[in-house]
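Visitor: Predicted model follows, preceded by the sequence.
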Amino acid sequence: MVNNEIAVQVSNLRRTFGAFVAVDGISLTVKKGEIFGFLGPNGAGKSTTIRMLCGLLMPTGGSGTVGEFDIIREPEAIKKIIGYMSQKFSLYDDLTVEENINFFGGIYNVPEEQRKKRKEWVLDMARITERRTSLTSVLASGFKQRLALGCAILHEPPIIFLDEPTSGVDPISRRSFWRLIREMADAGTTVFVTTHYMDEADYCDKLALIYRGKIIAEGTPTELRREHMKYDVLELETDKVVEAMETLSKHHIEAAIFGSTLHITVEKAEEDMEKLAALLRESGIELKRCEKIAPSLEDVFVTLIEAS
Amino acid sequence: MKLARIKAITRKEFIQIRRDPMSLAMAFLLPLILLFIYGYAVTFDVDRITTVVYDMDKSSLSRELINEFTQSGYFTVVSSINRYEDIDPYLDSNKAKVAIVIPHDFSKRVRTRRDTAIEIILDGANSNTANIAQGYIAAIAQRYSQRMSSGPVVPLIDSRSRVWYNTELKSRNFIIPGLIAVIMTVIIALLTSLTIAKEWDRGTMEQLISTPIKPVELVIGKLVPYFVIGFADTVFVILMSTELFGVPLRGSVSLLLILSSIFLFGGLSMGILISIVGRNQAAASQMAMLSSFLPAFLLSGFIFSISNMPGPLQIITYFVPARYFVTILKGIFLKGSSLKYLIWEAVLLTIYGTAVFLLAVKKFKKRID
């Protein structure tokens, strides 16, 4: 049965707030055991979508299922099979790490005999065993975020929804967080995750890019690179990044700053490389390096968003 | 309904209350302060009413009448004046509440056994005091005239009142049991009115409603810890009333506690309902104050007798649970009433509590919109 392979499916899902259309008829399918990345800038409709899937928000239109349950008619059944981590930190600040875990163990009705084992698992996973008696309010953001994840999956739900789990978390914690998510997906859990960090897209099996309430691209990271990047990307390295960008923009060439380098989208790398170098040299800007690179997903998304 | 979830909520609430000293202080200091203010400061007993006397007669008989007034203990003569116009400044400046004017022919008329009038001027600005003073004056005048007559010409009906339940007519005995109802109404509404709104404000509710918890589990889980605190509060306030203020508790203590529990259940459920409807803490605490304190104070029969209220207002009082609790408290404290006489109140409080509880459960939506 094909249907058994699908964890989440929605079609033409809509949500309006007054005159504002937050989610404008999106359709998507998430397979079991997949990390599904839902990407887009702030305010694109990511949280609204995730809340509708978790049964927290009633859709204005459209339909969908999570697991085998209908998002309109059976939101309470959905809540039994999911774990949800909201964008804002939503554990109890005035409870200790352990008290928070105990609380959610009770709320999810984790069987008594497993509760202790699950608690140790969460403490271990979040690497906060030695901080178990600390008040949650004093924890650093990386700890808080892993604890929140642990509390949301205490009951080992088959599908988890994470809304911007890495926002405001330091880069090292972010990387270890994604490693955790990968481990869970490998163990068969379906992960639906939103982020506005484009560089996190490569951690996902499948991506959908949402912009102004609409999905503007969908596919695996490789597919997105291949299909939507019909142009080449040149990476220029120079000491005068800003000046170089200004010079290029006078000639109507769009460039984006990536650290100490510039990324420029061109028709044909080999031909344009020379032209650009000459152009910049005229303005007294020497290039240290100029080469054709594989476009990052961020390049893809910048192109896509500019095009739409 | 899963007990594990109720237990989880209850345990969490207890921990949070313990770590928030303000909420505990409110639970135990507020009743203490309110009891002190009302128990000591507010008294409706009227004595030593300041009085000025304009005695035109200046006879032994008129002096005797004035003596009657001062010796009753209810009146204190602050000054004797010699001009009618001098009364105004005394009453205007609040130096006196009552003026007694004895006419020229007072002793002459008394001796010739003709009807005599004395003029009494009352400061009606405080109508309660004025009313009570009027009653005292009438009684004193009557006693005086009886003493003056050698024997009753017509058989007078001598009404000798005996006061039951609050023998000394101490207003404190009558105020404090009612006050317990007002205090408990306010405390429990404040205690619970924030509990759900706080979770929305802090964002913890979004996590909670994404779990399989049922509204009824959440409401019960939140009720339990506040019920325990409310019950401890009730015992505390009752003890203060009897031990500190010496209010007699004549009825059954266990009946009092059982009926108080029913009242607590309704009041706490109301607080939770307010918290659910109010959504944010500011709105919820204002709604709680308005909906608990004012009706409990004004419409419960605590101070203002319900039977004296205009009809429409009387109907409203039936929806004020404090009304039944006031009756229960006054009954058990002062009259030693048994359940037989309070069954109506007990039943109505139970219906009220159940209705509000069910409404709270129904109103709690596990959705953000």
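Guide: Looks like it arrived, so ask away.
Visitor: Phi, psi for whichever residue of the stretch 101-250 of chain A sits closest to chain B please.
Guide: Residue of the stretch 101-250 of chain A nearest chain B, by C-beta to the nearest C-beta: residue A:106 (2.5 Å). Yep, even glycine has a C-beta here, placed from its N, CA and C like the rest. Torsion angles at residue A:106 (phi, psi; degrees, to the nearest 10) stand at phi -70, psi -40.
Visitor: element containing the spatially closest residue to it that is not a sequence neighbour?
Guide: Spatial nearest neighbour of residue A:106, excluding adjacent residues (C-beta to C-beta, 6 or more residues apart in numbering or on different chains): residue B:8 at 2.5 Å. Taking DSSP states H and E as the definition, residue B:8 sits inside helix B:3-18.
Visitor: ok, residue A:122 - contacts?
Guide: Counting by C-beta atoms under 8 Å, 6 or more residues apart in numbering or on different chains, residue A:122 makes contact with A:101, A:147, A:150, A:151, A:154.
Visitor: So it, which state does it fall into?
Guide: Using DSSP: H, G, I helix; E, B strand; the rest coil, the secondary structure recorded for residue A:122 is helix.
Visitor: Just the C-alphas of the helix or strand of chain B with the lowest mean pLDDT, formatted as PDB.
Guide: When each helix and strand of chain B is scored by mean pLDDT, DSSP states H and E, helix B:127-148 comes last, with a mean of 80. Output of helix B:127-148 as PDB, limited to C-alpha atoms (Å, rounded to 0.1, in the frame of the first residue of the first chain):
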ATOM      1  CA  SER B 127     -28.000  58.300  57.400                       C
ATOM      2  CA  ASN B 128     -27.100  55.100  59.200                       C
ATOM      3  CA  THR B 129     -26.000  57.000  62.400                       C
ATOM      4  CA  ALA B 130     -28.900  59.400  62.100                       C
ATOM      5  CA  ASN B 131     -31.400  56.500  62.000                       C
ATOM      6  CA  ILE B 132     -29.900  54.800  64.900                       C
ATOM      7  CA  ALA B 133     -29.700  58.100  66.900                       C
ATOM      8  CA  GLN B 134     -33.400  58.700  66.200                       C
ATOM      9  CA  GLY B 135     -34.300  55.400  67.600                       C
ATOM     10  CA  TYR B 136     -32.300  56.000  70.800                       C
ATOM     11  CA  ILE B 137     -33.800  59.500  71.200                       C
ATOM     12  CA  ALA B 138     -37.400  58.100  70.900                       C
ATOM     13  CA  ALA B 139     -36.700  55.500  73.400                       C
ATOM     14  CA  ILE B 140     -35.100  57.900  75.900                       C
ATOM     15  CA  ALA B 141     -37.900  60.400  75.500                       C
ATOM     16  CA  GLN B 142     -40.500  57.700  76.100                       C
ATOM     17  CA  ARG B 143     -38.700  56.400  79.200                       C
ATOM     18  CA  TYR B 144     -38.600  60.000  80.500                       C
ATOM     19  CA  SER B 145     -42.200  60.700  80.000                       C
ATOM     20  CA  GLN B 146     -43.100  57.400  81.800                       C
ATOM     21  CA  ARG B 147     -41.000  58.300  84.700                       C
ATOM     22  CA  MET B 148     -42.700  61.700  84.900                       C
END
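Visitor: What number of residues are in the vicinity of the closest residue to residue B:301 other than its chain neighbours?
Guide: Nearest residue to residue B:301 in three dimensions, chain neighbours excluded: residue B:326, at 5.2 Å (C-beta to C-beta, 6+ apart). The number of residues packed near residue B:326 is 26, by other C-beta atoms under 10 Å in any protein chain shown.
Visitor: ok so, going back, mind listing what's buried in the least confident helix or strand of chain B?
Guide: B:129, B:130, B:132, B:133, B:136, B:137, B:140, B:141, B:144 (16 or more other C-beta atoms under 10 Å in any protein chain shown).
Visitor: which secondary structure elements does the helix holding residue B:8 contact?
Guide: The helices and strands touching helix B:3-18, judged by 3 or more C-beta pairs under 8 Å, 6 or more residues apart in numbering or on different chains; DSSP states H and E, are helix A:97-107, helix B:21-36, helix B:215-239.
Visitor: Can you convert those into CSV and add a column each for mean pLDDT?
Guide: CSV is the format used below for the helices and strands packed on helix B:3-18 (pLDDT from 0 to 100):
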stretch, mean pLDDT
helix A:97-107, 96
helix B:21-36, 85
helix B:215-239, 95
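Visitor: Now do the contacts for the closest residue to chain A within the stretch 51-200 of chain B.
Guide: Chain A sits closest to residue B:199 of the stretch 51-200 of chain B, with a gap of 9.0 Å, by C-beta to the nearest C-beta. Contacts for residue B:199 (C-beta under 8 Å, 6+ apart) come out as B:205, B:208.
Visitor: Let me have the helix or strand where it lies in CSV, keeping just the CA atoms, if that works.
Guide: Here residue B:199 sits within helix B:195-202, counting by DSSP H and E. Provided in CSV are the C-alpha atoms of helix B:195-202 (Å, rounded to 0.1, in the frame of the first residue of the first chain):
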residue,chain,number,x,y,z
THR,B,195,-3.6,30.3,36.2
ILE,B,196,-4.6,29.7,32.6
ALA,B,197,-4.1,33.2,31.3
LYS,B,198,-0.5,33.0,32.6
GLU,B,199,0.1,30.0,30.4
TRP,B,200,-1.1,31.8,27.3
ASP,B,201,1.0,34.8,28.2
ARG,B,202,4.1,32.8,28.7
